[in-house]
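Enquirer: Mind folding the following:
(one chain, ligands or ions: 2)
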Amino acid sequence: MKIVTIVGRPNVGKSLLFNRICSKDISLVYDSAGVTRDRIISFVKKGQRELMLIDTGGMSFDFHSPLDKSIHDQINGAINEAYIVLFVVDGRVGLHPLDKEIAKFLKEKNKFVFLVVNKIDQPEMEQFCAEFAQLGIEEIFPVSAAHNLGIQELVEKIFSRLPEESQKSNPTAATRIAVIGQPNAGKSSLINSLLGENRLLVHEEPGTTHDAVDVDIEIAGSVFSLIDTAGLRKKNKQQKEFERKVAGRTVHSINRSHIVLFVIDAKKGVSFQDKKIGGLIQKAYKPCIIILNKMDLLVDHFNAKEWNKKATMYVQNELPFLSYAPVIGMSAEKKWNFNQLLTTVRLVDQQRKKRIPTHQLVEFFQDSLNQFPPPLVQGKRLKIYYATQVKEKEGSTTLPCPTFVLFVNNQKWIKETYQKFLERKFRQSFPFIGCPILWKWKKAL
Ligand code: GDP
Ligand code: GDP
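Expert: Ligands and ions are numbered 1, 2, ... in the order given. I've put the predicted structure just below:
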């Protein structure tokens, strides 16, 4: 799926434009450990085609504080990922020096750039676009996000510029989702909601064991396979017995999955057992979304934004080793935040399949080591010569998560704290939302 990233200096109307473009679809505000700036993400669909839209927040080139630099790294990452960049400027204010800097920066990136001149609230104001021509960007779109003018034309142009998708997703390549958690956390209720809301493709596919029944559903055009659902969908006494063997089946399901939905009872809070289950997910290096379920037992009125933040803080504190997992406060029964879950599933699925070109990785590590040199170990210093993302090879054992090989002068000179620091910094440019990251260190020859 192609990514379209919105950039521009603060206050030009990026958020409003973002909301106009994704009109009905749900948007996610992603804020997790290590990322200083919210990335707002939504999926936009037109006919059979779909894109991912990212709003980056205000761009600035003032690097005096380290915070600014990290914001810049994040925006840079979002631009690198983009197929098309929507560069928004303010038609009322006119050309701003920062606009010129941004234009220069984008030119080096070799991306399709659309210059969106916003706040053109009346047609006769289109003349205000003229001065922006000196930015040297060919495609200029006068719009008014506030009055919904010119937006449709812009969206059509974006879609017409996207390349044809190579193939429709086929069921054998479906992403496998395991719903796990303690008995009574609400796994069955969640699965039933998922089955109820989405198109069922294959009714039931017998798995290898008595317990394993996979069900394929379609979420917004993509196929997802809910795995090992038998004991969860039709409960009887015998299947309740199975639930006692939680650990065994949990490990099995985690291993078979591409993404784990980890359901936790909000009323009971994160228990000792939940921590154990969380540990299993971490050990398996699986992408994960944590669902804090039964929020309806805690609050009468659900303010999604506020409660999601609270749920995230609470869970990340209790399960710090799963800090990469987005947390969704919801109610499977009342379907609170249900769309947020669907959007997050699609987002994490996109992220786990993402590949970073080698030149970008090499550049990232060179910059990072120059800026923040690793500590000396016995008078020597770590060097990273080369970095590359490991490809999924057909037929071989599949990788559980994005995996990178780093070629260094000596693995012994890698300190854990420095590795953690590098990962935090890495996620600012390449967030890999919902995914663990696996690092493999090799001695360069
Ligand atoms: P961002 O900081 O770039 O995300 O900008 P916002 O979307 O928050 O908008 C900044 C301000 O510009 C807000 O007060 C908006 O109401 C206003 N604004 C955004 N789009 C338009 C527009 O098309 N016309 C006018 N007149 N104001 C707009
Ligand atoms: P499982 O054992 O994890 O599959 O859990 P179930 O889906 O069977 O749910 C256990 C109990 O919790 C049932 O009585 C459900 O009705 C209830 N439950 C599940 N989700 C919710 C929810 O979001 N809110 C409330 N209030 N109850 C729920």
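Enquirer: Which helix or strand lies directly C-terminal to the worst-scoring helix or strand of the chain on mean pLDDT?
Expert: Scoring the helices and strands of the chain by mean pLDDT, DSSP states H and E places helix 237-244 at the bottom, with a mean of 51. Later in the chain than helix 237-244, the nearest helix or strand by DSSP states H and E is helix 246-256.
Enquirer: Close to ligand 2: what parts of the protein are there?
Expert: The chain comes close to ligand 2 at residues 181, 183-189, 232, 293-294, 296-297, 331-333, as judged by CB under 6 Å from any ligand atom. Yep, even glycine has a C-beta here, placed from its N, CA and C like the rest.
Enquirer: Would you mind writing the PyMOL command to select the buried ones in these?
Expert: Remark: buried members of the residues of the chain next to ligand 2, expressed as a PyMOL selection using 16 or more other CB atoms under 10 Å:
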select buried, resi 181+185+186+187+188+189+232+293+294+296+331+332+333
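Enquirer: Hmm, Cys288 and Ile281 touching each other?
Expert: Yes - when contacts are counted by CB atoms under 8 Å, Ile281 is listed as touching Cys288 (5.2 Å).
Enquirer: which parts of the helix or strand encompassing Tyr385 are buried?
Expert: Per DSSP H and E, Tyr385 falls inside strand 384-389. Within strand 384-389, the residues that count as buried by 16+ other CB under 10 Å are 384, 387-389.
Enquirer: now these in JSON lines, with pLDDT and distance to ligand 1?
Expert: Formatted as JSON lines, the buried residues of strand 384-389 follow (pLDDT from 0 to 100; distance: CB to the nearest ligand atom, whole Å):
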{"residue": "Ile384", "pLDDT": "90", "distance to ligand 1": "36"}
{"residue": "Ala387", "pLDDT": "91", "distance to ligand 1": "34"}
{"residue": "Thr388", "pLDDT": "92", "distance to ligand 1": "36"}
{"residue": "Gln389", "pLDDT": "93", "distance to ligand 1": "32"}
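Enquirer: Can you pick out the most distant pair from the residues you listed?
Expert: Spanning the widest gap among the buried residues of strand 384-389 are Ile384 and Gln389, at 14.2 Å by CB to CB.
Enquirer: Phe141 in helix, strand or coil?
Expert: Three-state call for Phe141 (DSSP: H, G, I helix; E, B strand; the rest coil): strand.
Enquirer: contacting residues around it?
Expert: 114-117, 150, 153-154, 157 (CB atoms under 8 Å, 6 or more residues apart in numbering).
Enquirer: what do you get for Ile289?
Expert: Taking CB under 8 Å, 6+ apart, we find Ile289 in contact with 259-262, 325-328, 341, 344-345, 348, 434.
Enquirer: just Gly77 next, same as before
Expert: Counting by CB under 8 Å, 6+ apart, Gly77 has contacts 428-431.
Enquirer: next helix or strand past whichever strand or helix holds it?
Expert: Following DSSP H and E, one finds Gly77 within helix 66-81. Going down the chain from helix 66-81, the next helix or strand is strand 84-90, by DSSP H and E.
Enquirer: picking that back up, now the contacts of Gly77 as CSV including pLDDT and neighbour count?
Expert: Shown next, in CSV, are these (pLDDT from 0 to 100; neighbours: other CB atoms under 10 Å):
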residue, pLDDT, neighbour count
Gln428, 87, 20
Ser429, 88, 23
Phe430, 91, 24
Pro431, 90, 22
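Enquirer: Distance of Val251 relative to Gly278?
Expert: Remark: distance between Val251 and Gly278 (CB to CB, to the nearest Å) = 13 Å.
Enquirer: And the two? Which one has more around it.
Expert: Gly278 (23 against 16; other CB atoms under 10 Å).
Enquirer: ok, back up a step: can you name the two of the contacts of Ile289 that are farthest apart?
Expert: Greatest spatial distance among the contacts of Ile289 (CB to CB): Ile259 and Val327, at 14.5 Å.
Enquirer: And the helices in this structure, which stretches?
Expert: Using DSSP state H, the helices assigned to the chain run over residues 14-22, 66-81, 97-107, 151-161, 187-197, 230-233, 237-244, 246-256, 272-283, 304-318, 338-352, 358-371, 416-429.
Enquirer: Spatially nearest residue to Val12, not counting backbone neighbours?
Expert: In space, and not counting its chain neighbours, Val12 is closest to Asp90: 4.3 Å by CB to CB, 6 or more residues apart in numbering.
Enquirer: can you pull up the bridge partners for that neighbour?
Expert: Asn118 (DSSP bridges).
Enquirer: and if you look at Ala387?
Expert: Under the criterion used (DSSP bridges), Ala387 bridges to Leu406.
Enquirer: My read is that it contacts Phe365, right?
Expert: Yes - assessed by CB under 8 Å, Ala387 is found in contact with Phe365 at 5.2 Å.
Enquirer: Mutual contacts of those two, please.
Expert: Shared contacts of Ala387 and Phe365, counting by CB under 8 Å, 6+ apart, come down to Leu406.
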